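>>> Quick one: sequence and predicted model below, then my questions.
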Amino acid sequence: MENRKEKKGILSIIGGDKLILLVAIVIVFVLFTALNKNYFSWTNIVNLMIAASLVGLVAVGHTYLIIAGQNDLSPGSLAAFCGTLAALLLSKGLPIVPAILIVLAAGVAAGLFNAWMVNSIKLEAFIATLVTQNIVRGFAYIICDGKPISISNKAYLAIGKMRILTIPLSVWLMIFAFIVFGFILSRTRFGRSVYAIGGSKEAARLAGLNPQRIITTCFVIIGVLTAIGGIVFSSRMNSGQPAANVNLEFDAITAVILGGVSFAGGVGGMFGTVLGVILIQAFNTGLIMVNVSTFWQYVARGALLLFALTSDYIRKQRREKELLEAAMKNIK
Amino acid sequence: MSSVLEFKGISKYFPGVKALDNINFKAYGGEVLAFLGENGAGKSTLLKVLNGDYQPTSGEYWLDGEQKKFSSPHEAIEEGISIIYQERQILLELSVAENIYLGRMPASRRLGVIDTRKANQMAAAIISDFGLPISPTDKVKDLSIAYQQMVEIMKAYSRDNLKVICFDEPTASLSDAEIESLFEVIRKLKAQGKIIIYVSHRMAEIEEIADKVAIFKDGRYVDTVKVGEVTEQQMIRMMVGRDLGDIFADLKRNDRIGEVLLEVKGVSSDYVKENSFVLHKGEVLGFSGLVGAGRTELMRAVIGADKRKSGQVILEGKELANRSPKEAMDNGIVLVPEDRKLQGILSNLSVAGNINIALMDRNSNGLGIISARKEAMEAKKGIEEFRIKTPSPDKKIVELSGGNQQKCIVARGVGTNPKVLILDEPTKGIDVGAKSEFYSMICEFARQGLGVILISSEMPEVIGLSDRIIVMKSLRIVGEVKREEATEDKLLSLGMMGEE
């Protein structure tokens, strides 16, 4: 009896869906550890977190966008562009601070451009950001003539190597983003507005919100987070690589949907995204460590996204069924 | 043997609404059965259950001793059940014949090549059956709306097995002569023993064409009566449940109307022509007119939901820019929109979330952090003040009934302490009990000194509540009627002809 009560308490705090995610994470860890003993080692966990940090930063942005009923397919290209741009600026002798500021400005600009297409020429975010994906990837190649640029700036390289309390800076950045943006999402006017426009843009507007401005802010947030990700990544690679980060958005979107944000908008939260990011990175790293071929990794990732979308669909069906039942109870 | 259609215990639930509640009755071939009921009484929902557009939550229906269950309207059509809708479901770019035989054009056996000539011949036969002056090869887009509707009816008629044909408000956009030729066709179908269901709000039409009337109220079937055996008054009482006159007579109206509050001068937008009107403190100003007359559009231009192209909005002597609904709200003008589902509620949020969404500025600090305590207080206040029936403030708004959802939206608007409250069809699709609650609420707002603008297509409502009534037609204000002089006839003729 006592025991059951306790379980119910944990369940109600974490929520049924989150519990399933936690179980899935445990299963993934157990499975891959069984296949490769090194999987559950500190070194690998840290590597896993480093790899997760880029996806995590972008997924924070996607959490906002998808709840707001939008999307973004451009982060992969933008991260590569930002890394390459940083390398280029540094190679021209620009000091680290202005270089980083310019790169962040590029992230803002990409976000504004996406928002402009969505708000002003009324494009679907999916298509609009596909445009950006290609244009930005093109510019990533153009600014470096298609060749990676190596980075020698010591301070910049330290970004990727610095550790605080044995945990790399990039991981701290991700954790920081999760906490700060999680708080903003759940506790502030802006966060509430994001949910509201995800529910109904027109209703939110008539209720006194400014959907266009909220959408613009969301795109700028993901642009800046992606730029930060691109900086960290290039620092870790010691170079700016125009061909890098392909399919970054794919992993981020999968993580967000796995975490319980509905593709239909208006539903979900940051904690789910944290779990989603852990799950997808554990999965991806695991595939590499048990030597699944790159080609099959694509198939596996696609399958994971399909799984995420299917569970999103099932959750939606269940929500509707619950609503219907509640409604019937109210009426009778 | 004539056909029989029998409904047995049909119920249909939607979140927040019991659209149909245990419907039992029969319809017979060779008779025109009219469906009568208020908006939201369940007539259209029942038709959609009949043709497989909706699946009933429980219950079944039988056609000629056979239980039917369709998973789509297409299946129902195949089995001889067709619905002619208000909105035409035809393809404008195709010819009359192509529309009639859409998806089943006669074709050569071997290669499946479409035999247009044969289709035209077959269509010509049907057209002459109907006695219409159109050709099978006419493009549908070149026909009048009435003939477009005829094409749809012919499409249903062309099925050999047609047994049931339903008309959902078929005369909404037809002229008198066109209505007469539609009735000719209906009589023809009746003579052939088809089951004909006719949904309309217009009593005169029902008396002319229908043999029997099935009356619906709040999702329930009340009774079937024979036309001619009961009076119009009796039918209305059956569908409303009580005399609306009594409700209005009991209202505590505001008798102290103050000075000018809002002046709208020559306001226009892309969707409405230039219009001017004045609203006083403590006044309920009704806006009457047909759907599409521009009433909603005018208010949207006033609050900046649509871009204002010309004119001034002056509140208490101060000119307002109202570039967005937010700005209008901050200036003291709030709109409770017509389309509750798409423009009113935020379906993903709770009751509290819906009420508080317009009050975030007040509920948060300088950093934009929302105080959970303030939100809880505001939600509690709104729920109590507007008597919103909800088990808890944290319930999803879509779990509430339509009337209670609407109260949340009003609570949200009134919570911003407006001076002018614009209510656009506030009682659309909600039950009579909730309606009368809204009526006393509206009077209460006026007594508190608010200026209330009430857009409503329900005549008794506008007449019963308003101090003055403005009538719009074709995107323009065409007249103004004082409360004492307002009658349904007067408003209707103004709204339709632009003159009394």
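Okay, I see it. Everything numeric in this text was worked out from a predicted model, so none of it was measured. Numbering: from 1, shown residues only, chains lettered A, B, ... in the order given.
>>> sec struct for A:Pro98, please.
Of the three states, A:Pro98 takes helix under DSSP: H, G, I helix; E, B strand; the rest coil.
>>> likewise the one 10 residues further on?
Classification of A:Val108 into helix, strand or coil gives helix, according to three-state DSSP.
>>> what's the burial count for whatever residue of the stretch 51-200 of chain A ends up closest to chain B?
Among all residues of the stretch 51-200 of chain A, A:Gly199 sits closest to chain B, at 3.7 Å; criterion: Cβ to the nearest Cβ. (C-beta placed from N, C-alpha, C; glycine too.) When counting by other Cβ atoms under 10 Å in any protein chain shown, one arrives at 24 neighbours for A:Gly199.
>>> pull the longest helix from chain A.
helix A:294-331 (DSSP state H).
>>> Quick check: which helices or strands does that one pack against?
Under the contact criterion of 3 or more Cβ pairs under 8 Å, 6 or more residues apart in numbering or on different chains; DSSP states H and E, helix A:294-331 touches helix A:248-258, helix A:270-289, strand B:4-14, strand B:17-28.
>>> average pLDDT for the second one?
Think helix A:270-289. Throughout helix A:270-289, pLDDT has a mean value of 92.
>>> buried stuff in that helix?
A:270-287, A:289 (16 or more other Cβ atoms under 10 Å in any protein chain shown).
>>> Also near chain B: which of those, exactly?
Near chain B, taking Cβ under 8 Å from any Cβ of the partner chain as the test, no member of the buried residues of helix A:270-289 is found.
>>> so which of the helices and strands packed on helix A:294-331 comes closest to A:Leu309?
Ranking those by proximity to A:Leu309 (Cβ to Cβ) places helix A:248-258 first, at 6.2 Å.
>>> Does the closest one pack against any helices or strands, and if so which?
helix A:42-67, helix A:75-91, helix A:270-289, helix A:294-331.
>>> Next, the angle helix A:42-67 makes with that helix.
80 degrees (axes from the mean of the first three to the mean of the last three Cα atoms, to 10 degrees).
>>> returning to what we had before: look up the pLDDT of the residue of the stretch 51-200 of chain A closest to chain B for me, please.
90.
>>> rewinding a little: could you save the helices and strands packed on helix A:294-331 as a markdown table and add columns showing distance to A:Thr310?
Listed next are those as a markdown table, based on distance: least, Cβ to Cβ, whole Å:
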| stretch | distance to A:Thr310 |
| --- | --- |
| helix A:248-258 | 10 |
| helix A:270-289 | 15 |
| strand B:4-14 | 25 |
| strand B:17-28 | 29 |
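>>> among the ones you listed, which is nearest B:Gly103?
strand B:4-14 (24.8 Å).
>>> Outside of the closest one itself, list whatever touches it.
A:324, A:327-328, A:331, B:18-29, B:42, B:45-46, B:49, B:54, B:56-65, B:163-164, B:195, B:221 (Cβ atoms under 8 Å, 6 or more residues apart in numbering or on different chains).
>>> again, 6 Å this time
A:328, B:19-28, B:45, B:49, B:56-63, B:164, B:195 (Cβ atoms under 6 Å, 6 or more residues apart in numbering or on different chains).
>>> what comes up buried for it?
Buried residues in strand B:4-14 (16+ other Cβ under 10 Å): B:Leu5, B:Glu6, B:Phe7, B:Ile10, B:Ser11, B:Lys12, B:Tyr13, B:Phe14.
>>> Just give me the closest of these to chain A.
Using Cβ to the nearest Cβ, the buried residues of strand B:4-14 come closest to chain A at B:Tyr13, 5.2 Å.
>>> give me the beta-bridge partners of that closest one?
B:Lys18 (DSSP bridges).
>>> and the gap between it and B:Ile477?
Distance, B:Tyr13 to B:Ile477, by Cβ to Cβ, to the nearest Å: 41 Å.
>>> thought B:Lys309 was touching B:Ser268?
Yes - B:Lys309 lies in contact with B:Ser268 (Cβ atoms under 6 Å); the separation is 4.9 Å.
>>> Compare these two and say which is more crowded by neighbours.
Between B:Lys309 and B:Ser268, counted using other Cβ under 10 Å, B:Ser268 has the larger neighbour count: 20 against 15.
>>> The more buried one: what's its closest spatial neighbour, skipping adjacent residues?
Nearest residue to B:Ser268, sequence neighbours excluded (Cβ to Cβ, 6 or more residues apart in numbering or on different chains): B:Glu274, at 4.3 Å.
>>> ok, then the element right after the helix or strand hosting the one you found?
Using DSSP states H and E, the element containing B:Glu274 is strand B:272-280. As assigned by DSSP H and E, the chain's next helix or strand after strand B:272-280 is strand B:284-289.
>>> Strand B:272-280 and that next one, what's the angle between them?
Interaxial angle, strand B:284-289 versus strand B:272-280 (the same axes, to 10 degrees): 160 degrees.
>>> strands paired with strand B:284-289, and their directions?
Going by DSSP bridges, the partners of strand B:284-289 are strand B:451-455 (parallel), strand B:468-473 (parallel).
>>> List the contacts of residue 146.
Looking at chain A here, since you left the chain open. With the criterion set at Cβ under 6 Å, 6+ apart, A:Gly146 makes contact with nothing.
>>> actually chain B
B:Ala146 touches B:Leu174, B:Glu178, counting by Cβ under 6 Å, 6+ apart.
>>> quick check, it in a helix?
Yes - B:Ala146: assigned to a helix according to three-state DSSP.
>>> Remind me which helix or strand residue 180 belongs to.
Using chain A. helix A:169-187.
>>> Switch to chain B, please.
Going by DSSP H and E, B:Glu180 is part of helix B:176-191.
>>> Can you name the residues of the stretch 251-400 of chain B sitting close to chain A?
Contact residues, the stretch 251-400 of chain B versus chain A (Cβ under 6 Å from any Cβ of the partner chain): B:325-326, B:329, B:337, B:343-344, B:346-349, B:357-358, B:360, B:364, B:368-370, B:398-399.
>>> Which ones among the residues you listed lie within helices?
Short answer: those in helices (DSSP H) are B:Pro325, B:Lys326, B:Met329, B:Met360.
>>> Which one of the residues you listed sits in the busiest neighbourhood?
Of those, with other Cβ under 10 Å as the count, B:Pro325 tops at 25 neighbours.
>>> hang on, isn't that residue packed against A:Ala207?
No - counting by Cβ under 6 Å, B:Pro325 stays clear of A:Ala207, with 7.6 Å between them.
>>> Can you pull out the low-pLDDT segments for chain B?
The model of chain B has pLDDT under 70 over residues B:1, B:15-17, B:39-40, B:86-88, B:173, B:240-246, B:429, B:431-433, B:498-500.
>>> and if you look at chain A?
Using pLDDT under 70, the flagged stretches of chain A are A:1-16, A:326-332.
>>> ok, now with 80
A:1-18, A:316, A:319-332 (pLDDT under 80).
>>> Next, the contact list for residue 76, please.
Let's take chain A. Applying Cβ under 6 Å, 6+ apart, the residues contacting A:Gly76 are A:Asn245, A:Val246, A:Asn247, A:Leu248, A:Glu249.
>>> actually chain B
B:Asn51, B:Gly52, B:Phe70.
>>> Tell me the spacing between it and A:Arg137.
51 Å.
>>> Then A:Asp312?
A:Asp312 is 28 Å from A:Arg137, by Cβ to Cβ.
>>> same thing with A:Leu123?
Using Cβ to Cβ, A:Leu123 is found at 18 Å from A:Arg137.
>>> likewise B:Leu367?
38 Å.
>>> Which of those two has more residues huddled nearby?
Counted by other Cβ under 10 Å, B:Leu367 and A:Arg137 do not tie: A:Arg137 has more neighbours, with 20 against 9.
>>> can you dump the C-alpha coordinates of the helix or strand harbouring that one into PDB?
Using DSSP H and E, A:Arg137 maps to helix A:125-144. In PDB, the C-alpha atoms belonging to helix A:125-144 read as follows (Å, rounded to 0.1, in the frame of the first residue of the first chain):
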ATOM      1  CA  ALA A 125       8.100  27.300 -41.700                       C
ATOM      2  CA  PHE A 126       9.100  23.900 -43.200                       C
ATOM      3  CA  ILE A 127       9.500  25.300 -46.700                       C
ATOM      4  CA  ALA A 128      10.800  28.700 -45.600                       C
ATOM      5  CA  THR A 129      13.600  27.100 -43.500                       C
ATOM      6  CA  LEU A 130      14.400  24.700 -46.300                       C
ATOM      7  CA  VAL A 131      15.200  27.800 -48.300                       C
ATOM      8  CA  THR A 132      17.600  29.000 -45.600                       C
ATOM      9  CA  GLN A 133      19.100  25.500 -45.200                       C
ATOM     10  CA  ASN A 134      20.300  25.700 -48.800                       C
ATOM     11  CA  ILE A 135      21.300  29.300 -49.000                       C
ATOM     12  CA  VAL A 136      23.300  29.200 -45.700                       C
ATOM     13  CA  ARG A 137      25.000  25.900 -46.700                       C
ATOM     14  CA  GLY A 138      25.900  27.600 -49.900                       C
ATOM     15  CA  PHE A 139      27.400  30.500 -48.200                       C
ATOM     16  CA  ALA A 140      29.300  28.200 -45.800                       C
ATOM     17  CA  TYR A 141      31.100  26.800 -48.900                       C
ATOM     18  CA  ILE A 142      31.400  30.200 -50.600                       C
ATOM     19  CA  ILE A 143      33.200  32.000 -47.800                       C
ATOM     20  CA  CYS A 144      35.900  29.400 -47.500                       C
END
